[in-house]
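**Q** sequence-free structure coming up:
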């Protein structure tokens, strides 16, 4: 995959077990949460997730930039083009050989392929996999784009480990409702021997009317569960 920059460790911003910084050209387009790869010790790879994207020039201060543009004339061309570059902060998420010595200054930073993104974000080898969507990276780099399906462990959606799903988003677009219906149609039931009950409710109801919701759920469960005295619902 494409090399996009090199790690830089400064006196006041060293690389650590948790994060590192690297420079890249102003023309390199990246997005927050993109995964990058640094080749590390003993043939290992360190994965980082982009947190901050910064642009810096050799301008010493804002006042100098203001004055050099004829005291704030926006249409005046700058007399001298400033030298500029981008530097990026990445959070370390994994090393393939559990080596958490900080990545070294001057190490090349590159984009990740499909398998590396999957490994870095823990998307590979999901047990009891149920589809929940997809993830896209490097959307502005057509030759380097990564598009991966995302699965979650079904036991944490339908039990025995969970039976709960939170969906958040902008109101009024019907996006949350469409996603909930897609999950219902694709993932329920899991098999002919599995039976379940889907109970949608709004967050406001949980916050403001917990006792009412508690009674309603107990009445609803009583229709499907023989031993209702074993059920305790709490929030």
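**A** Okay, I see it. Since this is a predicted model, take the numbers as computed values, not measurements.
**Q** For residue 118, give me phi and psi.
**A** Here is the backbone geometry of residue 118 (degrees, to the nearest 10): phi -60, psi -40.
**Q** Was I right to think it contacts residue 124?
**A** Yes. With contact defined as CB atoms under 8 Å, residue 118 reaches residue 124; the gap is 4.5 Å. All C-beta atoms are positioned from the backbone trio N, CA, C, and that covers glycine.
**Q** Which one of these two is surrounded by more residues?
**A** The residue with more neighbours, out of residue 118 and residue 124, is residue 118; 20 against 12, by other CB atoms under 10 Å.
**Q** residues contacting that one?
**A** Residue 118 sits next to 124, 148 when contact means CB atoms under 8 Å, 6 or more residues apart in numbering.
**Q** now do the one 3 residues further on
**A** Contact criterion CB under 8 Å, 6+ apart gives 35, 93, 135 as the residues in contact with residue 121.
**Q** got the contact list for residue 6?
**A** Contacts of residue 6 by CB under 8 Å, 6+ apart are 22-23, 106-109.
**Q** Just the ones of these in strands?
**A** Secondary structure from DSSP state E places 22-23, 108-109 of the contacts of residue 6 in strands.
**Q** measure the closest residue in space to residue 82 that isn't next to it in sequence to residue 109 for me?
**A** Distances taken as CB to CB, 6 or more residues apart in numbering put residue 57 closest to residue 82, at 4.0 Å, once the chain neighbours are dropped. Counting by CB to CB, to the nearest Å, the separation of residue 57 from residue 109 is 21 Å.
**Q** Of these two, which one has the most company?
**A** residue 109 (24 against 12).
**Q** wait, that one sits on residue 7?
**A** Yes. Under the criterion of CB under 8 Å, residue 109 makes contact with residue 7 at 6.2 Å.
**Q** quick one: common contacting residues for these two?
**A** 22, 38.
**Q** among the ones in strands among the contacts of residue 6, who's most crowded?
**A** That'd be residue 22 among the ones in strands among the contacts of residue 6, by other CB under 10 Å, with 26 neighbours.
**Q** So that one is in contact with residue 90, correct?
**A** Yes. At 7.0 Å, residue 22 counts as touching residue 90 under the criterion of CB under 8 Å.
**Q** list the residues that contact both of these two?
**A** What both residue 22 and residue 90 touch, as defined by CB under 8 Å, 6+ apart, is the set 36, 109.
**Q** if we can go back for a sec, among the contacts of residue 121, which are located in strands?
**A** Short answer: these in strands (DSSP E) are 35, 93, 135.
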